[in-house]
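> sequence first, then the predicted structure:
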Protein chains: 2
Amino acid sequence: MSGPQETTSAELDAVVLAAVAAAPGMAAAAPTERAGWLRAVADALEAARDELVPLAIEESHLPEARLQGELSRTTGQLQLLADEAETGGPWDVVVDHADPDWKPVPRPDLRRVTVPLGPVAVYAASNFPFAFSVAGGDTASAWAAGCPVVVKAHPGHPRLAAAVAEAVTAGMVEAGAPDGAFALVHGFEIGTALIEHPGIRAGAFTGSLAAGRALFDLASGRPEPIPFFGELGSVNPVVVTPGAAAARGAEIGTGYAGSLALGVGQFCTNPGLLFAPAGSEVVSAAAAALADVGPAPMLNDRIAQGYADGLARLRGVDGVRVVVDGAGGSEPTPSLLEVDIDRFTEVDRLSQECFGPVSLVVTYRDPAQLLAAVEALEGQLTATVQGEADEPLAAELVRTLTPIAGRVLWGGWPTGVTVTYAMQHGGPYPAATSPTTSVGTAAIARFGRPVAYQDVPDPLLPPALQEANPWQLPRRVDGEWERA
Amino acid sequence: MSGPQETTSAELDAVVLAAVAAAPGMAAAAPTERAGWLRAVADALEAARDELVPLAIEESHLPEARLQGELSRTTGQLQLLADEAETGGPWDVVVDHADPDWKPVPRPDLRRVTVPLGPVAVYAASNFPFAFSVAGGDTASAWAAGCPVVVKAHPGHPRLAAAVAEAVTAGMVEAGAPDGAFALVHGFEIGTALIEHPGIRAGAFTGSLAAGRALFDLASGRPEPIPFFGELGSVNPVVVTPGAAAARGAEIGTGYAGSLALGVGQFCTNPGLLFAPAGSEVVSAAAAALADVGPAPMLNDRIAQGYADGLARLRGVDGVRVVVDGAGGSEPTPSLLEVDIDRFTEVDRLSQECFGPVSLVVTYRDPAQLLAAVEALEGQLTATVQGEADEPLAAELVRTLTPIAGRVLWGGWPTGVTVTYAMQHGGPYPAATSPTTSVGTAAIARFGRPVAYQDVPDPLLPPALQEANPWQLPRRVDGEWERA
């Protein structure tokens, strides 16, 4: 069965104009109103669960348990972001009363609030048909910021996208959101027209480096440039210290195998690079665990082909040894490769992401050489240390990995990105195009812009800034925080 | 006397490498240490005041009282940003303790902190030789964020730049900042090489649309794009309602004349566009006040030439009437032009900034036509309403101007940007290239990047995130704010 029709240029115009028309009403909405949109959408998705999950299985080839869990994560994320909007934190209110004694000159009454940027273009990801797609984290955080959203469906799951969109629309109507608060569009060319549309004020994307960079360049090159929040993936290095390898090498190898093979290696956070002491037990344990992993389908043929090509390129590099000779094709089994650190540092391509179930083990002997190699890595979503707490090298690794990573882990695995207040999912380029997060409550701040009002009479101020604080927002007043 | 020599490429490399080397030490500095750098620089500038102000007069042709005041503002800004760093707010610490009951999945221990981006390129402005130059707001906020700074001097005041740099360096050494925390470079080509240098992690700029956009494009087009915080100017519309024109038209006209002529019209915030009811007293009063303003020198010949060209273009537009026929040349007197709103909305160029002492009055009769015209304006640093609090049109104007402006004023004038907690100096493009502020304590946040640590043992965490909170930072813990 074929998917939904491609959106035409005229339809795109209509959709963006509706979003532009919806923007002022959404910007004026109170915290409880914003929260209400997100909660109604969460409820509508839960109500449609039995229809959505089978469609997701059919289009993404991912297993049911994973998709049930991903849908729960998606509705939980909507609930958490609703709670966050309701706290009023995203308004980020700062009030400076007029002060004739302010130095060096008297200050007027100044009040700052964060207002929504306006219509946001969200690009759905192939690998998370729920959590990073139509009603995923980018959409939820844009709504929580008060912005209309136009989602570009991923071609890998167009019918699921349409079904999710139907539930979303029902939820938004139920919650009384303005028409135009949400729309879905389909088509490759329409995706580039969307980011260039003058009515769009920001973009958000999860996907490949090539596609994300192309959209970033379009967003930055517009007559009026707009922010583009792209999450472009990562190789997610894991570093095993000699102490950890000696203490629990087999356990680390097994855990690593599990994390790299999770979701057929199709997460942004699968570890693709492991630094291990030469001769340690880590590699043999990982190899043994991977040999037990059976074939599993990739998301789509394009991704399978990209994986086959990437795997062949890695295997073809001089000095790379095959430890686990996995199958390619549309239903691959995991591969494990190995290279000495001397050779690794000579070949740039060995540190690039290969999207799929493969990982490269880099064996080292000299800790100084290890530190130099990890310091030279490009930006990463995550970086993990498997070490012992009393090893000086482990502490040094935590420090050395901080400048290259959005999230530094100790003793665990990077797959599994919990939606919380402190989560940071992003990192220096090319992990992301902007120093922000696409997961967690802090994702909301991406879609706001501060505006200050100077000496505006109280009744003419937006409610968020009125002296009586009718919305009971947390505020910073004359430099001191009040928390409602 | 000629200014300092242009920086060579080799010198630039050395300077940026020193900044890169200084970055980790600056990132690790405690709040009191960061504050100490800024305070020592403020003290060093105050100590050099009697040397710096005469140099500034000589190179900028600005009057002494203005430059004394601007230096006070600059040192006051360093003090305020030092105080802000000392509060610990810029670390923006969020702690989520591990929670086995977190939904939909248990959460690990996650702790987020804002770390500095690394070396920042700051471009000095022509029109504020102190406050937006070598030790101005961009530099101060980058230091307060923990970043090394490389300043590109403005060619309009190179010797002042060198003298300020000497005081800055003395202050930074006194405060124990790492070598490489600050450097000054000179030259046009070195300015573009600077923003493209791989060691530079962000740019900050105040100046013209053309130069700012060129640098923004370079920053965005790098192999690794970096944030570029440009403040590119504004025409700063002022709207007078019929009620205000009737109640105090002459007073408004006089006030407007004062604001537009301030600093020979060479502020980012001089009002260049006035919407007034046709036939009101505002225009005649403004004209009378402007006729009394004598000639004053512009900052430099290039700016004077640009002003002469821009003024001639505006005067040459069909339908534009000359109300005050000011002189051009290197020491201009103010000009006032007038056009009907019908004609204004037909000619795009009439809403563009002309840097210098000229303003265009747009006369209107129909409030609906007025609202449509202001709604269609491009992004502005400021927008001002001169109205009466009980006029429905005035309230409507506050709402209509919010989406296009960074700061909305009531009853005052946009010149004079106080450095406070709530100040927002920026606005939608082309007012700025990013939805941030370059003035006030919130300017610090531009230069940070969040990093999360997952399950990292307490002794291996940076002090900002340790459970005992040794730096006594304000924190959000498990969703609730603690304020130290």
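Looks like it arrived, so ask away.

> low-scoring stretches of chain A, by residue?
A:1-3, A:483-484 (pLDDT under 70).

> cutoff 50 now
Applying pLDDT under 50 to chain A picks out residues A:1.

> contacts only, for the residue in the stretch 151-300 of chain A positioned nearest to chain B.
Across the stretch 151-300 of chain A, the shortest distance to chain B (CB to the nearest CB) belongs to residue A:220, at 3.9 Å. Placement of C-beta: from N, CA and C, glycine included. Applying CB atoms under 8 Å, 6 or more residues apart in numbering or on different chains to residue A:220 gives the contacts A:228, B:216-217, B:220-221, B:225.

> quick one: name the residues of the stretch 301-450 of chain A near chain B.
Within the stretch 301-450 of chain A, the positions adjacent to chain B are A:378-379, A:389, A:394-395, A:398-399, A:402-403, A:405-412, A:416, A:418, A:420-424, A:426, A:428-430, A:433-437, A:442, A:448-450 by CB under 8 Å from any CB of the partner chain.

> so of the residues you listed, which ones are in helices?
In this view, those that belong to helices under DSSP state H are A:394-395, A:398-399.

> any chance of a markdown table for the residues you listed, columns neighbour count?
Listed next are those as a markdown table, based on neighbours: other CB atoms under 10 Å in any protein chain shown:
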| residue | neighbour count |
| --- | --- |
| A:394 | 23 |
| A:395 | 17 |
| A:398 | 21 |
| A:399 | 16 |
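
> and which of those is nearest to residue A:320?
Nearest to residue A:320 among these: residue A:394, at 27.6 Å, using CB to CB.

> leaving out sequence neighbours, find the closest residue to that closest one.
For residue A:394, ignoring the flanking residues on the chain, the nearest one in space by CB to CB, 6 or more residues apart in numbering or on different chains is residue A:387 at 3.0 Å.

> what about that neighbour, how many neighbours?
26 (other CB atoms under 10 Å in any protein chain shown).

> before we move on, what about the one 4 residues further on?
By the criterion of other CB under 10 Å, residue A:391 has 18 neighbours.

> isn't it up against residue A:241?
Yes. Here residue A:391 reaches residue A:241: they are 5.4 Å apart, a contact under CB atoms under 8 Å.

> which residues in chain A form helices?
Taking DSSP H, the helices of chain A run over residues A:9-28, A:31-47, A:49-60, A:64-87, A:137-144, A:158-174, A:188-196, A:209-221, A:242-261, A:281-291, A:301-315, A:341-344, A:367-375, A:392-401.

> any idea which of these gets closest to residue B:284?
Distance to residue B:284, taken as CB to CB, is lowest for helix A:9-28 among the helices of chain A, at 36.6 Å.

> helices or strands up against the closest one?
Of the remaining helices and strands, those touching helix A:9-28 by 3 or more CB pairs under 8 Å, 6 or more residues apart in numbering or on different chains; DSSP states H and E are strand A:110-116, strand A:149-152, strand A:182-185, helix A:188-196.

> try 6 Å
Of the remaining helices and strands, none touches helix A:9-28 by 3 or more CB pairs under 6 Å, 6 or more residues apart in numbering or on different chains; DSSP states H and E.

> relative to helix A:31-47, how tilted is it?
Angle of helix A:9-28 versus helix A:31-47, following axes from the mean of the first three to the mean of the last three CA atoms, to 10 degrees, is 130 degrees.

> just give the nearest non-adjacent residue to residue A:244, would you?
Leaving out its chain neighbours, the residue that sits closest to residue A:244 by CB to CB, 6+ apart is residue A:386, at 4.6 Å.

> residue contacts, that neighbour?
Neighbouring residues of residue A:386 by CB atoms under 6 Å, 6 or more residues apart in numbering or on different chains: A:240, A:244, A:252.

> can you check residue A:171 too?
Shown in contact with residue A:171 (CB under 6 Å, 6+ apart): A:40-41, A:44.

> out of these, who's near chain B?
Restricting the contacts of residue A:171 to those touching chain B (CB under 6 Å from any CB of the partner chain) yields no residues.

> now rank these by neighbours and give me the top one.
Going by other CB under 10 Å, residue A:41 tops those with 30 neighbours.

> unless I'm mixing things up, it is touching residue A:170, no?
No. Applying CB atoms under 6 Å, one finds residue A:41 not in contact with residue A:170, separated by 8.7 Å.

> what's the burial count for the spatially closest residue to residue A:459 that is not a sequence neighbour?
Excluding its sequence neighbours, the residue lying closest to residue A:459 (CB to CB, 6+ apart) is residue B:389, at 7.0 Å. Residues near residue B:389, counting by other CB under 10 Å, number 14.

> with residue A:370 instead?
24.

> same check, this time on residue A:142
Residue A:142: 32 neighbours (other CB under 10 Å).

> and the gap between the residue lying closest to it once chain neighbours are set aside and residue B:190?
Closest residue to residue A:142 in three dimensions, ignoring its sequence neighbours and counting by CB to CB, 6+ apart: residue A:120, at 4.2 Å. According to CB to CB, to the nearest Å, residue A:120 stands 38 Å off from residue B:190.

> so for the two, which sits in the more crowded spot?
Neighbour count, other CB under 10 Å: between residue A:120 and residue B:190, residue A:120 has more, with 28 against 19.

> with adjacent residues omitted, what lies nearest to residue A:213?
Distances taken as CB to CB, 6+ apart place residue A:232 nearest to residue A:213, at 7.0 Å, with adjacent residues excluded.

> so that neighbour is in contact with residue A:209, correct?
Yes. Look at residue A:232 against residue A:209 with CB under 6 Å: they come within range, at 4.5 Å.

> residue A:361 and residue A:274, how far apart?
5 Å.

> mind listing the residues bridging to the residue nearest to residue A:244?
residue A:240 (DSSP bridges).

> that older thread, got the contact list for the residue nearest to residue A:394?
Residue A:387 touches A:241, A:244, A:394, counting by CB under 6 Å, 6+ apart.

> and for residue A:212?
Applying CB under 6 Å, 6+ apart, the residues near residue A:212 are A:205, A:230, A:232.

> count of neighbours near the first one?
As a burial measure, residue A:205 scores 28 neighbours (other CB under 10 Å).

> isn't it right up against residue A:232?
No. Between residue A:205 and residue A:232 there is no contact under CB under 6 Å: 8.0 Å.

> just the terminal-to-terminal distance for stretch A:44-63.
23 Å (CA to CA, to the nearest Å).

> which of the residues in it are buried?
A:44-46, A:48, A:52-53, A:55-57, A:59-62 (16 or more other CB atoms under 10 Å in any protein chain shown).

> could you identify the most distant pair in these?
A:44 and A:61 (25.4 Å).

> dump the residue contacts of the closest residue to residue A:60 other than its chain neighbours.
The shortest distance from residue A:60 to any non-neighbouring residue, by CB to CB, 6+ apart, is to residue A:129 (4.9 Å). By CB under 6 Å, 6+ apart, the contact set of residue A:129 is A:56, A:60, A:157, A:160.

> same check on residue A:108?
Contacts of residue A:108 (CB under 6 Å, 6+ apart): A:98, A:454-455.

> same deal with residue A:438?
Residue A:438 touches A:137, A:231, A:425, counting by CB under 6 Å, 6+ apart.

> let me know whether the second one touches residue A:430 as I believe.
No. Under the criterion of CB under 6 Å, residue A:231 makes no contact with residue A:430, lying 9.9 Å away.
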